[in-house]
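In: Pasting a predicted model and its sequence here:
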Amino acid sequence: MLAEIQQSLHDKALAFRKTNTHDAKTYDELKKAVENGFAVSYWCGNADCEAKIKEETRATMRCIPLEQEGGSGSCVYCGRPATARAIFARAY
Ligand SMILES: [Zn+2]
């Protein structure tokens with residue numbers, strides 16, 4: 001019983017995350033995405049970028065998804081090369 005409830009909560013959370021998670025390739029897209037959900041963006045790994053994003057958008061880094069796509073891109077904040085994507089969201 002408990003396991004079923006937990007599974008159902010988990011499924012809901014997952015579905016919620018899916019519909020509210022937006023790929024944000026630019027900082028503008030990130031700012032828009034965190035207004036009503038999660039932003040997934042490349043991040044260079046620099047704590048300064050994370051701090052600035054938090055300061056300017058009130059969004060904090062939630063996690064770095066384990067299932068990385070293996071690609072690379074530019075840090076959403078500073079534009080430097082980045083190989084990991086992180087999830088940003090505002091705290092409520
Ligand atoms: Zn950066």
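Out: Perfect, thanks for sending it. Numbering: from 1, shown residues only.
In: Give me every residue in this structure lying close to the ion.
Out: Within the chain, the positions adjacent to the ion are C44, N46, C49, C75, Y77, C78 by CB under 5 Å from the ion. Heads up, the C-betas are built off the backbone N, CA and C, glycines and all.
In: Pull out the buried residues from these.
Out: C44, C49, C75, Y77 (16 or more other CB atoms under 10 Å).
In: nearest to N36, of those?
Out: For N36, the nearest member of these is Y77. The distance, counting by CB to CB, is 20.3 Å.
In: Now do the same contact list for that closest one.
Out: Y27, W43, C44, C49, K52, I53 (CB atoms under 8 Å, 6 or more residues apart in numbering).
In: go again using 6 Å as the cut-off
Out: C49, K52, I53 (CB atoms under 6 Å, 6 or more residues apart in numbering).
In: So which of the residues you listed belong to helices?
Out: C49, K52, I53 (DSSP state H).
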